[in-house]
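>>> give me a 3D structure for the following:
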Amino acid sequence: MSNLSYVLLSRQASLARELDNVANNIANANTTGFRRDTSIFTEYVNAIRGDPSISQTRIGARAISDEQGEMIEAGGPFDLAIEGEGFFGVITPAGLRLTRAGAFLLNEEGVLTTKSGNPVAGDGGSPITVPGGASTIAIALDGSVAADGNLIGRITLFDAEQTSLVRVGDDLFRSTEEPSPVESGRIRQGFLEASNVDAVLELSRMIEVQRAFELEQQIVNDDARRSQQAIETLSGAR
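So this is what the prediction gives:
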């Protein structure tokens, strides 16, 4: 196999991963709080024994889009959306996780949780517990939670660098760096944030990636055919 084929195959492998990534974005275009995944292509030099080094392609990093999703009025007292920066903190057995999906509920103990049952983090990383029998729950823009007019806790928003976020399922992230509290985000009670995926743009990207993959496959096939013809000519087969 020629060096050209090695170079093109490395790019094809990266394009195949990007195609999977775009397909996942499209599949979650209607998932509450979903954030679009983007790939960062990088070049690296690969040393080949006995031959000159060659430049190849790989996906060096992924970034999570921080574009604001549409605010959708849901009406529930525990339907929450973040306007601006930040993520809700989620307390899991594996540690703190981050999410923009704010369709929360109360469990049997009155603890505010995600749909999967993980507590939402309040100040100090503690769960927020709503007293039994509370008739009115009000959540302010700064995350303060009041039950029947009495302050019972505050939902903390966290932030992390885009490139430090690693997706865990469709609506949770873990950060490779320590998340820090953020004050600039505002919490809107009774709303949910829609996915920030633009399905039309993602479909266009999918077509672009598919065409690039097919073009480079054709070049690889042509290179292989030329090499085979050269071998046959030199061996006297033709």
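>>> any regions of the protein where pLDDT drops low?
1-6, 8, 43-56, 220, 222-224, 227, 230, 232, 236-238 (pLDDT under 70).
>>> for it, longest helix please?
helix 199-234 (DSSP state H).
>>> Gly133: how many residues sit nearby?
8 (other CB atoms under 10 Å). All C-beta atoms are positioned from the backbone trio N, CA, C, and that covers glycine.
>>> how about the helices in this protein?
Under DSSP H, the chain gives helices at 3-27, 199-234.
>>> which one of these lies closest to Asn118?
Across the helices of the chain, Asn118 has its closest neighbour in helix 3-27 (22.2 Å, CB to CB).
>>> between the closest one and helix 199-234, how big is the angle?
Per axes from the mean of the first three to the mean of the last three CA atoms, to 10 degrees, the angle that helix 3-27 makes with helix 199-234 is 160 degrees.
>>> check which helices and strands helix 3-27 sits against.
strand 37-48, strand 51-64, helix 199-234 (3 or more CB pairs under 8 Å, 6 or more residues apart in numbering; DSSP states H and E).
>>> and among the helices of the chain, the most buried is which?
Stretch with highest mean neighbour count among the helices of the chain: helix 3-27 (a mean of 17; mean count of other CB atoms under 10 Å).
>>> so Pro131 sits right up against Ala147, yeah?
Yes. Judged on CB atoms under 8 Å, Pro131 makes contact with Ala147 at a distance of 5.5 Å.
>>> between the two, who's got more neighbours?
Neighbours were counted for Pro131 and for Ala147 using other CB under 10 Å; Ala147 has more, 19 against 10.
>>> could you chop this structure up by domain?
3-66+198-234, 77-193 (automatic domain parsing).
>>> how far does the first one sit from the chain's center?
Yep, that's domain 3-66+198-234 we're talking about. 19 Å (CA atoms, centre = their mean, to the nearest Å).
>>> what's the answer for the last one, then?
Distance of domain 77-193 from its chain centroid, counting by CA atoms, centre = their mean, is 18 Å.
>>> format the helices of the chain as JSON lines; extra columns: distance to Leu106.
JSON lines is the format used below for those (distance: least, CB to CB, whole Å):
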{"stretch": "helix 3-27", "distance to Leu106": "30"}
{"stretch": "helix 199-234", "distance to Leu106": "33"}
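>>> so which of the ones you listed is nearest Met71?
helix 199-234 (18.4 Å).
>>> now for that closest one, which elements pack on it?
Under the contact rule (3+ CB pairs under 8 Å, 6+ apart), helix 199-234 is packed against helix 3-27.
>>> who's in contact with stretch 114-132?
88-92, 96-97, 99, 101, 103-107, 109-113, 137, 145, 147, 152-156, 158 (CB atoms under 8 Å, 6 or more residues apart in numbering).
>>> try it again at 6 Å.
Contacting residues not belonging to stretch 114-132 are listed as 88-92, 104, 106, 110-113, 145, 147, 153-156 [CB atoms under 6 Å, 6 or more residues apart in numbering].
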